[in-house]
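Peer 1: Give me a model of this one.
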Amino acid sequence: MVLANDYGVRLDLHKEDVDFLDSIYRSRYPAEEGLLPLGAPAEKDARRALDAARGILRQLRIVE
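Peer 2: Numbering: from 1, shown residues only. Sure, this is the predicted structure:
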C-alpha cells in the first residue's frame, strides 16, 4: 500500500488482504526459482486473490 499512498491513491483494504497478496506474490512466484515452484495455487487462494483484485479495481473505478 505504500506505493499507492505515494501516488495519493487511497484504497479501503484489510491489512490481512494486503499481507495475503504480498505473500502469494513474493513467496509463491520467486523469479530465481522459476514459475510456480510450489505448484499451482489452491482454488481457495486463487479465489481470495481474485476477490481482492476485483475490490481494488472497483475502488479505482476500473470495473463495476
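
Peer 1: So what's the residue count around L50?
Peer 2: For L50, the count of nearby residues is 10 (other Cβ atoms under 10 Å). (C-beta placed from N, C-alpha, C; glycine too.)

Peer 1: Remind me which helix or strand it belongs to.
Peer 2: L50 belongs to helix 43-59 when elements are defined using DSSP states H and E.

Peer 1: what helices or strands is that helix leaning on?
Peer 2: Helices and strands touching helix 43-59, as assessed by 3 or more Cβ pairs under 8 Å, 6 or more residues apart in numbering; DSSP states H and E, comprise helix 15-28.

Peer 1: other SSEs contacting the helix it packs on?
Peer 2: helix 43-59.

Peer 1: Give me the residues contacting the helix it packs on.
Peer 2: 11-13, 17, 20-21, 24, 41, 63-64 (Cβ atoms under 8 Å, 6 or more residues apart in numbering).

Peer 1: between the residues you listed, which is closest to N5?
Peer 2: L11 (9.2 Å; Cβ to Cβ).

Peer 1: Now a ChimeraX select for only the buried ones of the contacts of helix 43-59.
Peer 2: Those of these that count as buried under 16 or more other Cβ atoms under 10 Å are selected in ChimeraX with:
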select :17,21,24
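
Peer 1: need the contacts of helix 43-59 in a markdown table with pLDDT and distance to A53, can you?
Peer 2: Compiled in a markdown table, these are given as follows (pLDDT from 0 to 100; distance: Cβ to Cβ, whole Å):
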| residue | pLDDT | distance to A53 |
| --- | --- | --- |
| L11 | 84 | 12 |
| D12 | 85 | 14 |
| L13 | 84 | 11 |
| D17 | 86 | 10 |
| F20 | 80 | 11 |
| L21 | 79 | 8 |
| I24 | 71 | 11 |
| P41 | 72 | 13 |
| V63 | 64 | 10 |
| E64 | 61 | 14 |
